[in-house]
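> mind folding the following:
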Amino acid sequence: MPSALSASPPSPAPAAPAAPTPKGPKLLGDLKITQVALDQPKGAKGSRLVYVTGVLKNDSDQQRFGVRVELDLLDATSTKVGTATDYRQMLEPRATWQFRAIVTDRRATAAKLAGVKEDE
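Okay, here's the model as predicted:
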């Protein structure tokens with residue numbers, strides 16, 4: 001005598017995990033610099049210690065790693081006389097960083113941004 005098999009409805013497939021919202025590619029253009037200036041620390045009168053200071057903002061939704069600011073040091077005739085750099089291991093999304101790079105050439109009277117790099 002054949003046995004009757006009861007057919008159960010097929011179980012629904014497990015729900016696939018929601019796909020993460022794709023983040024756009026990291027663009028160096030998302031790292032914006034403002035307020036670049038030569039600055040002598042307060043209380044350092046008579047000292048030759050000078051820094052290039054400025055603000056870098058991460059305008060992206062991603063952490064940035066190994067961010068390096070490179071600046072050209074210029075003399076009174078706008079001739080490049082050296083470079084200055086500062087480095088930060090990590091910069092949070094939408095965060096700002098007040099960088100400070102030491103000026104090693106006394107002839108420098110101004111600075112301009114040469115570039116921003118990021119470790120890959």
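
> now R64. Nearest residue, chain neighbours left out?
Spatial nearest neighbour of R64, excluding adjacent residues (C-beta to C-beta, 6 or more residues apart in numbering): L91 at 4.4 Å. Bear in mind the C-beta positions are built from the backbone N, C-alpha and C, glycine included.

> the one you found: neighbouring residues, count only.
21 (other C-beta atoms under 10 Å).

> so who does it touch?
L31, L56, N58, Q63, R64, F65, V67, W97 (C-beta atoms under 8 Å, 6 or more residues apart in numbering).

> now list the buried members of those residues.
Neighbour counting over those (16 or more other C-beta atoms under 10 Å) leaves L31, L56, N58, R64, V67, W97 as the buried ones.

> closest to V103 among the residues you listed?
L56 (17.7 Å; C-beta to C-beta).

> you'd agree the closest one is up against G115?
No. Contact criterion C-beta atoms under 8 Å: L56 and G115 do not qualify, at 11.8 Å.

> which element follows the helix or strand hosting Q35 toward the C-terminus?
Element membership for Q35, per DSSP states H and E: strand 31-39. Of the helices and strands lying after strand 31-39 in sequence (DSSP H and E), the nearest is strand 51-58.
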